[in-house]
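>>> got a predicted model here, sequence first, then my questions.
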Amino acid sequence: MPSMHLVINATEVGRRRGGNEAYITGLVEGLAALHPPIRVSLLTCDWGRPLDLPPAFQQVNLGPYRRLHFFLWQQTIALYQLNADWYLSTFFLPPITPCQGAVLVHDLSFRAHPEYFPAIIAFYMRLLTGLAIRRAERVVVLSEFTLRELARFHPTAVEKAVVVYPGVDRIFRPEQGPGDKEALRSYGLTPGYVLTIGNIHPRKNLSRLLDAYVSLKARRKSVPAMVWGGLQRWESGDLLQRARSAGVVLPGFIAQEDLPALYRQAEMLVYPSLYEGFGLPPVEAMACGTPVITSNTTSLPEVVGEAALTVDPTNSEEIAAAMAQLLDDMSLRHCLQQAGIERAGEFTWRRTAQHLLASLGCLKSPSIERTAG
């Protein structure tokens, strides 16, 4: 009997798309570690980098990426030619899917908060993701919070949904790396800063984080520099001007291989996001032994557990107070460092791959538990 064939849309790899790219890259790592008794193919395009795949995996380059062509027919033809049994794609599925389809939904922020997006983007996401959710045989979400959001916006899809937590890449660990200092130098940084990671986007709540930082500087003689690492997206000109005036360092996009060094050399990670389907940066920082402050809303308390300080993200003074607490209380810092490393260890890409394959019927499993990792 021929083995089952899973095809994964990996066209996000190489696009600097944050969580989307990290999830697919990590899932491939987890699948490779698992050595599943199935065939795995990955659809990529010209901007992607060659993937380090085991012999049983196949990379299929579809050439130049043209969004409309890819959506309407390139995927479908490739799936026919590959004789796929399952197709896993992020947010969207092609109009014709000649196999079972699984759609990976990172979050539903475009439904819950369309004001965070340009109107055309919110409409496009709502339409095409809604179609994919209705047509898919399996809907994969990254947290119990997103499962509840799915029940709110697509109640009939809950029965075919499964929570599959992401993992944390093995490069995120507390031990100093030989390239840490060089990585910091390449971004013009020196150790001991307050760090936030993520694209500059309204839901990342950077305006209130900036207010908190300005308030902290007004109250203390000495405050570490603040670093915002991420691509500048949407309409962020006024915010960036305010940030520069306050002394915030804006290094731009941080390469994945440099992130561990930036986490390890930070005093803390502050991640006061207003809406997250999971939120990888807090877990990555915890894995590196860096204390974390994050929001007490959406998926973030579920993700960090008791291993981080949580604050009301709409209250800049509460964010400032938490930063001051971490700067002053060494005992608290130590407790959070140890708890964070332990918590982050629960999220592995091998478990992610195992739970995903079990949910697709590609791997025998006694149960699919909704637990970390």
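Now that the structure is in, tell me what you want to look at. Numbering: from 1, shown residues only.
>>> what's the weakest-modelled helix or strand in this structure?
Between all helices and strands in the chain, the lowest mean by mean pLDDT, DSSP states H and E belongs to helix 67-69, at a mean of 71.
>>> check contacts around the nearest residue to residue 108 once chain neighbours are set aside.
Using CB to CB, 6 or more residues apart in numbering and skipping residues adjacent in sequence, the residue nearest residue 108 is residue 149, 4.5 Å away. Where C-beta positions appear, they are placed from N, C-alpha and C, glycine not excepted. Counting by CB atoms under 8 Å, 6 or more residues apart in numbering, residue 149 touches 107, 108, 111, 112, 277.
>>> quick check: the fourth one touching residue 275?
Yes: between residue 112 and residue 275 there is a contact at 6.4 Å, judged by CB atoms under 8 Å.
>>> all strands for the stretch 151-300 of the chain, in order.
Taking DSSP state E, counting those that start in this stretch, the strands of the stretch 151-300 of the chain run over residues 161-163, 193-197, 226-229, 249-252, 266-271, 292-295.
>>> where are the low-confidence patches of the stretch 251-373 of the chain?
363-373 (pLDDT under 70).
>>> quick one: the helices in it?
All helices of the stretch 251-373 of the chain, identified by DSSP state H, counting those that start in this stretch, fall at 259-264, 280-287, 300-304, 316-328, 330-344, 349-359.
>>> okay, the second one in CSV with CA atoms only?
What follows is the C-alpha trace of helix 280-287 in CSV, where atoms were taken according to Å, rounded to 0.1, in the frame of the first residue of the first chain:
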residue,chain,number,x,y,z
LEU,A,280,6.3,33.3,19.5
PRO,A,281,8.6,36.1,20.7
PRO,A,282,7.7,35.6,24.4
VAL,A,283,8.4,31.9,24.3
GLU,A,284,11.6,32.4,22.3
ALA,A,285,12.8,34.9,24.8
MET,A,286,12.0,32.6,27.7
ALA,A,287,13.9,29.8,26.1
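>>> the inter-axis angle of it versus strand 266-271?
Put simply, helix 280-287 runs at 150 degrees to strand 266-271, going by axes from the mean of the first three to the mean of the last three CA atoms, to 10 degrees.
>>> give me the contact list for helix 280-287.
Against helix 280-287 from outside (CB under 8 Å, 6+ apart): 19, 22, 166, 168-169, 172-174, 195-198, 259-260, 263, 266, 269, 271, 292, 294, 300, 303-304, 307-308, 339-341, 343-345, 347.
>>> report the buried members of the residues you listed.
19, 22, 166, 168-169, 172-174, 195-198, 259-260, 263, 266, 269, 271, 292, 294, 300, 303-304, 307-308, 339-341, 343-344, 347 (16 or more other CB atoms under 10 Å).
>>> per the annotation, how does the chain divide into domains?
Domain segmentation of the chain under automatic domain parsing yields 5-167+348-359, 180-344.
>>> re the thing from before, name the helix or strand for the residue nearest to residue 108, please.
helix 144-153 (DSSP states H and E).
>>> any idea what residue 6 is bridged to?
residue 40, residue 86 (DSSP bridges).
>>> from residue 34, how far off is it?
Using CB to CB, to the nearest Å, residue 6 is found at 12 Å from residue 34.
>>> ok now stretch 261-268, how far from the chain's centre?
18 Å (CA atoms, centre = their mean, to the nearest Å).
>>> from the rest of the structure, what touches it?
With CB under 8 Å, 6+ apart as the criterion, stretch 261-268 contacts 172, 174, 176-177, 179-181, 183-184, 187, 189, 191-195, 197, 224, 227, 229, 254, 269, 284-285, 288-293, 323, 326-327.
>>> so residue 348 touches residue 30, yeah?
Yes: using CB under 8 Å, residue 348 is in contact with residue 30, at 7.2 Å.
>>> quick one: common contacting residues for the two?
Common neighbours of residue 348 and residue 30 (CB under 8 Å, 6+ apart) are residue 167.
>>> what sits closest to residue 29 if chain neighbours are left out?
Distances taken as CB to CB, 6+ apart place residue 349 nearest to residue 29, at 4.9 Å, with adjacent residues excluded.
>>> closest one to residue 96 among the helices of the stretch 251-373 of the chain?
Each of the helices of the stretch 251-373 of the chain was scored for nearness to residue 96 using CB to CB, and the closest is helix 349-359 (23.4 Å).
>>> who has more neighbours, residue 6 and residue 34?
Using other CB atoms under 10 Å as the criterion, residue 6 and residue 34 rank with residue 6 on top: 25 against 18.
>>> for that one, what are its contacts?
38, 39, 40, 41, 84, 85, 86, 87, 88, 357, 360, 362.
>>> the fourth one contacts residue 7, doesn't it?
The reference is to residue 41. Yes: with contact defined as CB under 8 Å, residue 41 counts as touching residue 7 (4.7 Å).
>>> looking at the two, which one has more neighbours?
Neighbours were tallied for residue 41 and for residue 7 using other CB under 10 Å; the higher tally belongs to residue 7 (24 against 21).
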